[in-house]
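> pasting a predicted model and its sequence here:
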Amino acid sequence: MKNNCLKWLGAIHLMLSFSIVLTTTGLCQNAQIWKKYTGEITDPDIPLLPDYSFAGYMRGEVALPETSGYPVFDVTDPAYGAIPNDTNSDQAAIQAAIDAAEANGGGVVFFPPGEYLVNSDPNNTSPIVINASNIILKGSGSTPGGTVINMKNYMRLPSGWPSWGNSAMFEFYPVNVSTQGTAVTKDANRGDYTVQVKNASIFQNEKFCELRMQNNTAANNDFLDGKSPRSVWTTIIHQGVALEEVHEIDSVDLVNNILHLKDPIIDDIKAGYKWGAQTIDLLENCGFEDIHFKANFTDPFVHHKDYIHDYGWKGIKMAEVAHSWVRRSRFSNVSQAVAITSSSYASSILNILVDGNSGHSLTAVDGGSSRVLQGLIWDNTYHGQFHGADMSGRACGSVVWRVDARKGKAMDLHGSMPRTNLIDRYIMMNKDGAGGHYANLPNHLTGLTMWNIERVGNGSVWYNLWNDCGGNYCGLTVVNPIVVGYHGGGGAGFDQNHVKYEESNGTKVFPESLYEAQLEYRLGTAPSWVSQTLNEWDSLRTAWYTLELVGDAYVRNGNYANTNYGHSDIIEVKNEGGSYERRGYFCFDVSGIGDVSSVKLQLTPSVAGYTDYNLKFVPNDGWKEYLLTWNNMPAPSYLIGIQQGGSGPIEWDITNEVISEKNGDGYLSMELGAVSSGVYGSFYSKDYHNPDLRPKLIIGKKDQAISPAQDAFIRSGAYADNNYNISILEIKSDGWNYTRDFYMGFDLSNIEQEIVGAKVKLTTKIGTTPGGGTNHHVRFVQDDSWDESTVTWNNGPAYGNFLDTQTTRESGSVVLFDVTAQAETERQGDGYLSLSFSADNNAYVSYHASEAATESLRSVLELTFAGSGTEQSSILAKKASAPSKIFSTPFESPTKVHFSSLKETINLYPNPSDELINIEWNEPIGAYQIMDVNGLIIKSKENVNEKTMAIDIRNLSAGVYVIVLTGKSGDRISKTFIKG
């Protein structure tokens, strides 16, 4: 199969017009090392890549099963007794359903929608265990309205256990296992499918084998590639390298004592190093899917503070499993989401969100596990997990694939002799997130490939991957990795003495994903599960943050003042006396919402009422939808906003309220009323049968938060020469001696992406009286020469134009000031943004400054970048908007569009093509769609943000197609191409 970019033959032009959305890779730049792998070139100076494509469920060859065919064991069946959404523990019922499924020989343990409580007794904690094959724990979805499993308390550490051995909430492992072993009698090379042993008969009725080399210093030179270990790495120095790899047996040749394997040997085996082969019993076909696992770790994480911080809130642990998985699940407020360990084989962690409070680690593969895939994982915790996705502890032949950890440190390689693994398309903030005790370093032995890694953090970085700083820890240490397509941030350099091969530093390469390319190359065609899983990923990233209501109801006055309307499928609103006035109430659970840049409440009318609607904040969240009446309704405290009614959806910006309540009790209540008298309107409620029309919160996710480079307040009158560079920012407008303003400065010089959202987030330390409010204004300051340690009222720079005004309220509330346009202007200019803040009345308020002791309270500038894919609000709004806005359409379900004239300035090549087309345009591409000549949309993606890209068209049938690009400016252009 060909993977190189073809020379283009020509082009024809056709003019089209429509609204579209879409995503792609950057301009095709074929990696030379990929050409060497496929045999296109034979350059002896380029190393041959290991084949990592055997990672994942069933070695990546087939999709995870959607229907197991097993009987269903519903945890709410009276035989087991789970009751969702109450205050009683459901742990015994869940375990009973699992036990029944095991006794049956397998089954799906099903969780209907609702919240289930586990680990409820803080003095008696224990895991839920699965000890048999063919057990699948399946929920009703990890998105709002699905299944939530709430781990109420941390797992207590049994006496005498090491902290890292603390149990996870769900543990899969076999029991009553036995092992037999024999010696390997002949060398085997990487890529061989056979191994010769002394006694093959012990494997005659076995499915799996484990090849193991005990610690042996004679092997150090091979797996350290001749490098000398540092003196503090005592394990490898004194005991030597230890290796193991697990394989599935295809057949056993008893005559010649040869094991035939279903996947190849991962690294050369030298029988003289005393390799052995042993039987191993593994659980098979176990799964955990479609569940939101919610823990309750809320402390600011401190690394190695105690076992509670590090290991007290772990979600899933799978030990000694094969062909098993965790997928389509969400993990909130956890120490660690998922670990696959202890000689596990050919299993997958896919489509995972980890959010809420930041904890110790993301996911992990260790314990000598082989061929495990960790892919499509989103670390959206507040500040990122301390350690990223990990391969360590003799893990081999495994892959970390398409991880979005743009707020986290980076990938983790936790030492203890992992080898021959792939990190593929990892997006990260920092240089690395690797850990491990110094005695068990280096972080990785030979065979690591880092492919198209993207760093979004500021500034350039330098990697010396064999650094000896004189201390115990000197950063990431890897034995001569292959590094291809490392890009992003302010650039990166690698000490060439400590890399095996480096290519395309600063620019990503084709193929974009090495794992996907190798898998397709081995199988001869791209397996359908890859595109299906990527489509699921795109859908889940939106659905995870489309919040549904905890409760909604309307109330009515007069003769109906004691009537409850909590189960109605509409919310009625009207401003009128007598018995005709109605008001609506809404309550959202925002406790697990994570960091956001914007939040809007969207209501869809069932009966259009052409009046203005006012939305008010309700501080009392104690009301229940099935008890609420006019006579017991809670009172609102202030007006959030007024929006005009009509036939289409109506939206209110409630960002400040959501963030304040997220940091408070986690619930947000609001009241909806009509302004004009006598106009009736109604909106669909959460009980309406069509979920797309129900009330929802539309969430925009921020990409990056930066702390002020400087901040300080100033004071007038007798204090006009005083400097106030302290941990609070005071603000007040009140005469000669009492007025306070403050300055903030932000360094944007290392921000390379276009800023499409910039909001200064301030948290009040002392706010107004409850229910009150005062307006504060932010202005641009052109002069950046001020210094926080010397600025005063008398020497402070002059204020410029107004940027935004926001209302500040009670203590602990959050205020977001929008400075987007000025931030982007300064990013393109001198790279520094100075701002001033002032009040318009004499209400005293103080905000937490950048020096505040509690990190979550510190002032920051929240940034959203063009084309990042993390801003969800516009996508969701389009989904329910007028028909002229077409939502992105998957390949499987074409949608009709209409043709008209568009300008043409695209460069498209090769044309015709049978594999790839390259696109060049003179402005950033926001989205694309490919359609046939009848106007049917065949393929589409969104959030591109590139002027160049390469698109894979191998799945298209031969014929004439049109591609339409939508620019970031809104311009749309088209080009026709031929699929050969």
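Now that the structure is in, tell me what you want to look at. Numbers count the residues shown, from 1 in each chain.

> just give me the residue right at the centre of the chain.
Central residue of the chain (Cα atoms, centre = their mean): Trp378, 1.7 Å from the mean position.

> run through the residues that contact that one.
Ile352, Leu353, Val354, Asp355, Val403, Asp404, Ala405, Arg541 (Cβ atoms under 8 Å, 6 or more residues apart in numbering). Placement of C-beta: from N, CA and C, glycine included.

> mind checking the SS state of it?
strand (DSSP: H, G, I helix; E, B strand; the rest coil).

> kindly report the same for Ala439.
Ala439 falls in the helix class when you classify it by three-state DSSP.

> ok, now how distant is it from Leu243?
Ala439 is 18 Å from Leu243, where distance means Cβ to Cβ, to the nearest Å.

> likewise Tyr486?
Counting by Cβ to Cβ, the gap from Tyr486 to Leu243 is 28 Å.

> next: Asn750.
Look at Asn750 and Leu243: by Cβ to Cβ, they are 42 Å apart.

> more crowded one of those two?
Leu243 (24 against 14; other Cβ atoms under 10 Å).

> skip the chain neighbours and tell me the closest residue to that one.
Nearest residue to Leu243, sequence neighbours excluded (Cβ to Cβ, 6 or more residues apart in numbering): Met213, at 4.5 Å.

> assumed the one you found was part of a strand.
Yes: under three-state DSSP, Met213 sits within a strand.

> run a quick neighbour tally on it.
Met213 - counted by other Cβ under 10 Å - has 22 other residues nearby.

> mind listing the residues bridging to it?
Leu243, Trp275 (DSSP bridges).

> assess the claim that it and Lys274 are in contact.
Yes: counting by Cβ atoms under 8 Å, Lys274 is a contact partner of Met213 at 6.7 Å.

> tell me what Ile755 is bridged to.
Beta-bridge partners, per DSSP bridges, of Ile755: Phe865.

> Leu863 versus that one, what's the distance?
6 Å.

> shared neighbours, the two?
Common neighbours of Ile755 and Leu863 (Cβ under 8 Å, 6+ apart) are Ala823.

> and the helices in this structure, which stretches?
Secondary structure of the chain (DSSP state H): helices at 32-38, 91-103, 220-223, 234-238, 307-311, 514-523, 528-543, 655-662, 735-738, 820-828, 873-879.

> now the ones you listed as a markdown table including mean neighbour count and mean pLDDT?
Listed next are the helices of the chain as a markdown table, based on neighbours: other Cβ atoms under 10 Å; pLDDT from 0 to 100:
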| stretch | mean neighbour count | mean pLDDT |
| --- | --- | --- |
| helix 32-38 | 20 | 98 |
| helix 91-103 | 20 | 98 |
| helix 220-223 | 18 | 98 |
| helix 234-238 | 17 | 98 |
| helix 307-311 | 21 | 94 |
| helix 514-523 | 21 | 98 |
| helix 528-543 | 17 | 92 |
| helix 655-662 | 22 | 89 |
| helix 735-738 | 11 | 84 |
| helix 820-828 | 19 | 94 |
| helix 873-879 | 18 | 25 |
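
> Val499: which of those is closest?
helix 32-38 (12.3 Å; Cβ to Cβ).
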